[in-house]
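Give me a 3D structure for the following:
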Amino acid sequence: MLDTEELARQAAASAQTAEEARALDPDVVKLLLGAGFARHFVPRAHGGTEGTFADLTDAVARVGAACPATAWCASLAANLGRMAAYLPAGGQQEVWEQGPDALVAGSLSPFGKAAPSAGGHTVSGRWPYVSAVAYADWLLLCATLPDGAAPRVFAVPRAAVDVVETWDSAGMKATGSHTVVVTDVFVPARRSFARAGLLTGTPVSAVAACHTVPLEASNGLSFAAPLLGAADGALGHWTAYAQVKARSAVLNPQAPGPSREALAGVLAHAAGETDAARLLLERCARVADLGADVTPEQIRRNLRDTALAVRMLASAVNRLVANGGTTGFSGDRPLQRYWRDVNASVTHIALQFDAAALAYAEGRLWTTETSSPQAAR
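Numbers count the residues shown, from 1 in each chain. Model (predicted):
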């Protein structure tokens, strides 16, 4: 079980300064590692937990209620560690040589280029939006190969990359999602794997359920779970505000301000949307925990459900902020931070509803064969 109590407390206390620094507080990162996030999916052979998506989703949400940016980094630390288990045995040994709490960051977008070299590849490229890179021990970076060969993922030590501080988002400021630059770095064969293996859930040597689940069945959870926590946190702060307003409405019914009925409507609607999203994400986690036994139908449903859940969470948070008074937008109030973090995060490519809807409709409204231009004639 991931221990989040102290992490959540410290993350909430340092959230404002972390935003200003555009990076998590170092003590928060130590607590994140101590809580077990980095080791959550690491193979037991290397001291890891080989944990479940259900436990991770719950723990990330608990942290997200205190600080969504910390939860985002915790979730990615776990999930990038899971991906490192796709390396050959020699590469795994190197990544976790110092223990299972090595922090792995990275990007699966094929922004780099790799050229075959004796015993491995030479990799160059520029990868934006790499969260928590300032604290990373290893980077997983995706690159294309010459002649249209399938992209590969390369494990590169932090000392071999340059970091350009490009992160200037209005939301998730503290994630420090800067740009990684690699120039002609040699990566031995033991530290790379085909990206296609992640998509199909076929690692080189790992066999645990958390390693053999196809990526699309679990990937949305990586980014949705922090937003579930953010909605919980926003609801808590809004409720404290609304309790004061509700008492004022009773004591002085003629005073300006929202009525008890209006406040009740906001509470019920936002809490209901959040609970509905939670139920969807909990089911998604249970499906991801099936590992290799997950079906194509369940994968398509998970894509739909994670994208739909984050829409509901954004709706809930937006509703709370719209009814949180002028003070809710003050720079020192957490409510506006949750609002910015959620609305920045829902733009992530893994959470786009239209793409998820198309995948879900496959087999229901059309098939690959019937949707071809030839079949449409």
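
any idea whether G257 is helix, strand or coil?
coil (DSSP: H, G, I helix; E, B strand; the rest coil).

One more: the one 4 residues further on?
Reduced to three states with three-state DSSP, the structure at E261 is helix.

Near it, how many residues? Count them for me, please.
8 (other CB atoms under 10 Å). Any C-beta I mention is one placed from the backbone N, CA and C, and that applies to glycine too.

what mean pLDDT does stretch 189-202 have?
Stretch 189-202 comes out with an average pLDDT of 97.

how close does A224 sit to Y86?
Counting by CB to CB, to the nearest Å, the gap between A224 and Y86 amounts to 22 Å.

A309 too?
27 Å.

in this structure, which helix or strand is least confident?
Ranked by mean pLDDT, DSSP states H and E, the weakest helix or strand in the chain is helix 373-376, scoring a mean of 56.

Spell out which residues sit in contact with S131, please.
W72, C73, L76, A105, T175, G176, S177 (CB atoms under 8 Å, 6 or more residues apart in numbering).

Using CSV, lay out those residues together with pLDDT, neighbour count and distance to E282.
Listed next are the contacts of S131 as CSV, based on pLDDT from 0 to 100; neighbours: other CB atoms under 10 Å; distance: CB to CB, whole Å:
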residue, pLDDT, neighbour count, distance to E282
W72, 98, 30, 19
C73, 98, 31, 22
L76, 98, 25, 20
A105, 98, 26, 27
T175, 98, 29, 25
G176, 98, 23, 29
S177, 98, 25, 27
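
mind checking the SS state of the closest residue to L281 other than its chain neighbours?
Using CB to CB, 6 or more residues apart in numbering and skipping residues adjacent in sequence, the residue nearest L281 is A309, 5.3 Å away. Put simply, A309 is helix when judged by three-state DSSP.

Give me the number of neighbouring residues for the residue lying closest to F329 once chain neighbours are set aside.
Nearest non-adjacent residue to F329, counting by CB to CB, 6+ apart: Q336, 5.0 Å away. A count of nearby residues for Q336, using other CB under 10 Å, gives 18.

quick one: Q336 from A12, how far?
Using CB to CB, Q336 is found at 15 Å from A12.

what does A277 give?
Separation of A277 from A12 (CB to CB) stands at 22 Å.

Just the helices from the stretch 201-350 of the chain, written as ranges.
Secondary structure of the stretch 201-350 of the chain by DSSP state H, counting those that start in this stretch: the helices cover 209-212, 215-251, 260-288, 296-322, 334-345.

any weak-confidence spans in the chain?
1, 249-252, 254-256, 371-377 (pLDDT under 70).

In it, where's the longest strand?
strand 104-117 (DSSP state E).

can you pull the buried residues of that one?
By neighbour count on 16 or more other CB atoms under 10 Å, the buried set for strand 104-117 is V104, A105, G106, S107, L108, S109, P110, F111, G112, A114.

May I see those organised as TSV, with distance to G51 added?
Shown next, in TSV, are these (distance: CB to CB, whole Å):
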residue	distance to G51
V104	15
A105	19
G106	20
S107	23
L108	21
S109	26
P110	29
F111	30
G112	30
A114	31
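
of all those, which comes closest to T212?
L108 (17.6 Å; CB to CB).

Please tell me I have it right and the closest one contacts R195.
Yes. Using CB atoms under 8 Å, L108 makes contact with R195 at a distance of 6.6 Å.

hey, what's in contact with both of these two?
Common neighbours of L108 and R195 (criterion: CB under 8 Å, 6+ apart): C142, V153.

how about the helices in the stretch 1-150 of the chain?
Applying DSSP H, counting those that start in this stretch to the stretch 1-150 of the chain gives helices spanning 5-21, 26-34, 53-64, 68-84, 89-95.

and V294, which of the ones you listed is closest to it?
Within those, the stretch nearest V294 is helix 53-64; the backing value is 10.9 Å (CB to CB).

For stretch 37-49, buried residues please.
Along stretch 37-49, these residues count as buried under the neighbour rule (16+ other CB under 10 Å): F37, A38, R39, H40, F41, V42, P43, H46, G48, T49.

can you list these in JSON lines and add distance to D354?
As requested, the buried residues of stretch 37-49 are exported to JSON lines (distance: CB to CB, whole Å):
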{"residue": "F37", "distance to D354": "31"}
{"residue": "A38", "distance to D354": "33"}
{"residue": "R39", "distance to D354": "36"}
{"residue": "H40", "distance to D354": "31"}
{"residue": "F41", "distance to D354": "29"}
{"residue": "V42", "distance to D354": "35"}
{"residue": "P43", "distance to D354": "36"}
{"residue": "H46", "distance to D354": "39"}
{"residue": "G48", "distance to D354": "36"}
{"residue": "T49", "distance to D354": "35"}
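
which one among those gets closest to D341?
Nearest to D341 among the buried residues of stretch 37-49, with distances taken as CB to CB, is F37, at 18.2 Å.

Can you tell me how far the nearest residue in space to that closest one that is not next to it in sequence is from K173?
In space, and not counting its chain neighbours, F37 is closest to A74: 4.3 Å by CB to CB, 6+ apart. When distance is defined by CB to CB, A74 is 16 Å away from K173.

Between the two, which has more neighbouring residues?
A74 (36 against 22).

How about the contacts made by the more buried one?
So A74 contacts L7, L32, A35, F37, A59, V60, V63, P226 (CB under 8 Å, 6+ apart).
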